[in-house]
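S.K.: pasting the structure only:
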């Protein structure tokens, strides 16, 4: 019960996090730059989540994947 209370009442939602991020951006930022900032943040959050869950590639696996793309 306490965990649910914390999630619902204390932990900010994704929307609240994004609003706060936008508030901290410069006033003269373009819409394209706002969209890019949101996109980059989402990719970083996904990467951190994948890392925590062990969804990673070893250095060798990453090199092999890159070699296929760079041919």
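M.R.: Perfect, thanks for sending it. For clarity, every value in this text was computed on a predicted model and none was experimentally measured.

S.K.: quick one, helices of the protein?
M.R.: In the chain, the segments counted as helices under DSSP state H are 2-9, 14-23, 31-52, 59-70.

S.K.: helices or strands up against the longest one?
M.R.: When contacts are defined as 3 or more CB pairs under 8 Å, 6 or more residues apart in numbering; DSSP states H and E, helix 31-52 sits against helix 14-23. Where you see a C-beta, it was placed from the backbone N, CA and C, and this is true even at glycine.

S.K.: pLDDT of the helix it packs on, averaged?
M.R.: When pLDDT is averaged over helix 14-23, the result is 92.

S.K.: could you dump the helices of the chain to TSV with mean neighbour count?
M.R.: Putting the helices of the chain into TSV (neighbours: other CB atoms under 10 Å) gives the following:
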stretch	mean neighbour count
helix 2-9	8
helix 14-23	11
helix 31-52	11
helix 59-70	9
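
S.K.: Lowest average pLDDT across those helices?
M.R.: For these, mean pLDDT drops lowest on helix 2-9, to a mean of 59.

S.K.: Would you list the phi and psi of the closest residue to residue 33 other than its chain neighbours?
M.R.: Distances taken as CB to CB, 6 or more residues apart in numbering place residue 25 nearest to residue 33, at 7.6 Å, with adjacent residues excluded. Residue 25 adopts backbone torsions of phi -80, psi 160, taken as degrees, to the nearest 10.

S.K.: what number of residues lie near residue 25?
M.R.: Residue 25: 11 surrounding residues under other CB atoms under 10 Å.

S.K.: Ok, residue 55 next?
M.R.: Taking other CB under 10 Å as the criterion, the count of residues near residue 55 is 10.

S.K.: dump the residue contacts of it.
M.R.: For residue 55, no residue meets the contact criterion (CB atoms under 8 Å, 6 or more residues apart in numbering).

S.K.: try residue 31
M.R.: Residue 31 makes no contacts at all, as judged by CB under 8 Å, 6+ apart.
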